[in-house]
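Q: pasting the sequence and the predicted coordinates here, then a few questions.
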Amino acid sequence: MSDLGNKEIMSRNLKRQMLLHNKTRQDLCNDLGFKYTTVSDWINGKVYPRIDKIEMLARYFGVSKSDLVERNGEVQPSHNARRVIPIYGRIAAGKPLEMVDDIIGEVDISYYKMDGEFFALKIKGRSMEPRLEDGDIIVVRQQPMVENGEIAAVSVGMDDATCKKVYSYPTGIRLVPINPEYEPIILTNEDMEKTPVRILGKVVEVRHLF
């Protein structure tokens with residue numbers, strides 16, 4: 001049975017070539033003009049590339065098309081393999097992360113030991129000072145729930161994603177800033193029927209930029 005069209009095999013081979021050539025998703029976007037979300041879909045096995053894109057990838061890596069679309073020997077990741085995630089400038093409410101194209105860079109998290117999917121987000125505003133400052137980059141582990149008092153990236157209504165301490169109650173939710181100059185966002189269950197709230201993930205690291 002032909003492997004042509006098998007998204008899982010294509011994904012595995014693409015990741016293998018990227019590892020062998022020390023290329024990141026952003027490298028493919030910059031060098032070949034692909035959208036970051038498109039490359040991510042290929043790598044995650046969600047979408048199978050068109051034949052012209054496969055040919056571009058094959059030329060880029062200096063391999064045959066069969067090296068990308070057919071079953072090949074596996075390669076073990078090296079200890080120096082890079083693991084990078086996108087930095088979003090903004091995340092519109094209700095929009096899946098796979099559909100966000102406001103990517104302003106990437107962060108290397110190769111040293112992370114924890115499992116899961118991650119993304120990074122640039123902080124805007126002063127509501128979380130002094131712990132998180134305007135322009136800081138936060139690393140977020142994707143998860144739909146957090147413990148009370150943990151800092152999370154949260155999508156509220158039609159606004160961009162915000163970063164706040166989260167407190168959930170049987171009657172609703174409270175999103176609390178650190179900076180006392182800012183008021184908390186308090187929404188009841190009834191409020192959230194009109195103004196949906198979605199926890200995007202838990203903040204696990206902040207990188208201050210100088």
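A: Cool, the structure landed.
Q: kindly report the domain assignment for the protein.
A: Under the assignment automatic domain parsing, the domains of the chain span 7-69, 84-207.
Q: okay if I get those as JSON lines plus mean neighbour count?
A: (Glycine included, C-beta is placed from N, CA and C.) Formatted as JSON lines, those follow (neighbours: other Cβ atoms under 10 Å):
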{"stretch": "domain 7-69", "mean neighbour count": "16"}
{"stretch": "domain 84-207", "mean neighbour count": "16"}
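Q: put together a markdown table for these, with mean pLDDT on each row.
A: Putting the domains of the chain into a markdown table (pLDDT from 0 to 100) gives the following:
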| stretch | mean pLDDT |
| --- | --- |
| domain 7-69 | 88 |
| domain 84-207 | 87 |
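Q: tell me which element the residue most central in space within the chain is part of?
A: Nearest to the geometric centre of the chain sits residue 119, at 3.2 Å (Cα atoms, centre = their mean). Assessed by DSSP states H and E, residue 119 sits inside strand 118-122.
Q: mind listing the strands the helix or strand just after that strand pairs with, and their directions?
A: Per DSSP H and E, the first helix or strand lying C-terminal to strand 118-122 is strand 137-142. Sheet pairing for strand 137-142, assigned by DSSP bridges, gives strand 118-122 (antiparallel), strand 197-207 (antiparallel).
Q: mind putting the ones you listed in JSON lines, distance to residue 70 included?
A: Below are the strands paired with strand 137-142 laid out as JSON lines (distance: least, Cβ to Cβ, whole Å):
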{"stretch": "strand 118-122", "distance to residue 70": "31"}
{"stretch": "strand 197-207", "distance to residue 70": "36"}
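Q: please identify which of those is closest to residue 187.
A: Residue 187 sits nearest to strand 197-207 of all those, at 6.2 Å, using Cβ to Cβ.
Q: great, nothing more from me.
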